[in-house]
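Engineer: Dropping a prediction and its sequence here:
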Amino acid sequence: MDTDLSNYRKSYEKGELLKKNVPENPMELFQKWFHEIDHFFPEIESNAMNIATIGADGYPKSRVVLLKKFTFEGFIFYTNYNSEKGRAIKVNPKVCLSFFWNGAERQIIIKGNAEKIEENLSDGYFESRPRGSQLGALASNQSEPIANRAILETKLKSLEASFEGKEIPRPNNWGGYIVKPVEFEFWQGRANRLHDRIQYKLEGNHSWVISRLSP
């Protein structure tokens, strides 16, 4: 296959991001952007984020997960602790999150450290999930090889029968992580590829240093 993509171009002209206008705390800017995307672009899954980890083989790997909560402390998502990403985080908790909201021509890149949240918080979120999602967490040994889909579907039916009319417990190997950020980069597309990039870096005194980066 020989596909030439050199003429794929788009002019970004929907906004600007100036250092003089940004808040001192990057979470305030994240919250502002997130709510704007949620309000003005309802067709976008605004909480879809990419998380990159470093695997045991030394290679980075990224995949999309769903952000379920954010606070001034960090960003929370849920997964199987025995999954490939869970195993990677156990060895190296340094991760990178990114959001790309094409409709607004915006991107946010976040470096941080991931750690498990308290079990009672994972319990509470698991209880709020649809029963199908709860059973799916029990049915799948995430990231492990499987011969065919029929095995999953058969296991799901068996679990449906076993838990009919019963509460479904959260598996011990499933729960939440919080990513506590140490660096943010906010990117706003601009014309002529002269994009706006504002970086926040966390200092030892827990203050944020703000810089403008060249595009």
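Structural biologist: Arrived safely, thanks for sending. Remember, predicted model here, so these are calculated numbers, not experimental data. Residues are numbered from 1 along each chain as shown.
Engineer: Give me the phi and psi for residue 44.
Structural biologist: phi -90, psi 140 (degrees, to the nearest 10).
Engineer: so how far is residue 187 from it?
Structural biologist: 16 Å (Cβ to Cβ, to the nearest Å). C-betas here are computed from N, CA, C, even on glycine.
Engineer: Can you pick out the residue with more neighbours from these two?
Structural biologist: residue 187 (22 against 15; other Cβ atoms under 10 Å).
Engineer: from what I can see the more buried one touches residue 212, true?
Structural biologist: No - counting by Cβ atoms under 8 Å, residue 187 stays clear of residue 212, with 11.6 Å between them.
Engineer: Overlap in contacts, those two.
Structural biologist: 196, 197 (Cβ atoms under 8 Å, 6 or more residues apart in numbering).
Engineer: all strands of this protein, in order?
Structural biologist: Secondary structure of the chain (DSSP state E): strands at 48-54, 60-66, 69-70, 75-80, 94-101, 106-116, 174-188, 196-202, 208-213.
Engineer: what pairs with the shortest one, and is each one parallel or antiparallel?
Structural biologist: Within its sheet, and counting by DSSP bridges, strand 69-70 is paired with strand 75-80 (antiparallel).
Engineer: now do the first one
Structural biologist: According to DSSP bridges, strand 48-54 has the following sheet partners: strand 60-66 (antiparallel), strand 94-101 (antiparallel).
Engineer: How far away from the center of its chain is the first one?
Structural biologist: Offset of strand 60-66 from its chain centre (Cα atoms, centre = their mean, to the nearest Å): 7 Å.
Engineer: and what of stretch 172-182?
Structural biologist: With Cα atoms, centre = their mean, you get 11 Å for stretch 172-182.
Engineer: Can I get that stretch in PDB, CA atoms only?
Structural biologist: Coordinates of each C-alpha in stretch 172-182 appear next as PDB, following Å, rounded to 0.1, in the frame of the first residue of the first chain:
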ATOM      1  CA  ASN A 172     -10.300  -7.700  43.900                       C
ATOM      2  CA  ASN A 173      -8.300  -7.200  40.700                       C
ATOM      3  CA  TRP A 174     -10.500  -4.400  39.400                       C
ATOM      4  CA  GLY A 175     -10.600  -0.800  40.600                       C
ATOM      5  CA  GLY A 176      -9.400   2.800  40.200                       C
ATOM      6  CA  TYR A 177      -6.200   4.700  39.700                       C
ATOM      7  CA  ILE A 178      -5.600   8.400  40.300                       C
ATOM      8  CA  VAL A 179      -3.000  10.100  38.200                       C
ATOM      9  CA  LYS A 180      -1.500  12.900  40.200                       C
ATOM     10  CA  PRO A 181      -0.100  15.400  37.700                       C
ATOM     11  CA  VAL A 182       3.400  17.000  37.700                       C
END
